[in-house]
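Asks: need coordinates for the following:
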Amino acid sequence: MENNPSDINLKTIGQVTELLCMAGARIKKQENELETTRKERIIKIKQKIEMLESRYKTLKEKNKGNIKLDDLNMHLSLIKNRLEKIPV
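Replies: Predicted structure coming up:
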């Protein structure tokens, strides 16, 4: 059985096409929102790391030779290096 042009419901095809376009636009909007949220989180984490490094320097001046502070600094450096690899 062949499809005749009269068998095709153009109104239905138009509605389906419109729904697909709307869905595509929604998906794109959600992707953009997620990307913005991701960037904001990374920026906040970097700011917190900078704050912790500043506190580390202050504590280091007061408590010279404290091994726990040196361990903290090492962990901060590792996290900072990993964050630098993430594009913002």
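
Asks: drop to CA atoms for contacts and neighbour counts, all remaining ones
Replies: OK.

Asks: what sits against residue 34?
Replies: Taking C-alpha atoms under 8 Å, 6 or more residues apart in numbering, we find residue 34 in contact with no residue.

Asks: I misspoke; the intended subject was residue 46.
Replies: Counting by C-alpha under 8 Å, 6+ apart, residue 46 touches 80, 83.

Asks: following the chain onward from the helix or strand hosting it, which element is next?
Replies: Here residue 46, judged by DSSP states H and E, is contained in helix 10-62. As assigned by DSSP H and E, the chain's next helix or strand after helix 10-62 is helix 67-84.

Asks: need the contact partners of that next one.
Replies: Contacts of helix 67-84 from elsewhere in the structure, counted by C-alpha under 8 Å, 6+ apart, are 42, 46, 49, 52-53, 56, 59-60.

Asks: filter the residues you listed down to the buried ones, PyMOL style.
Replies: What follows is the PyMOL syntax for the buried subset of the contacts of helix 67-84, where burial is set by 16 or more other C-alpha atoms under 10 Å:
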select buried, resi 42+46+49+53+56
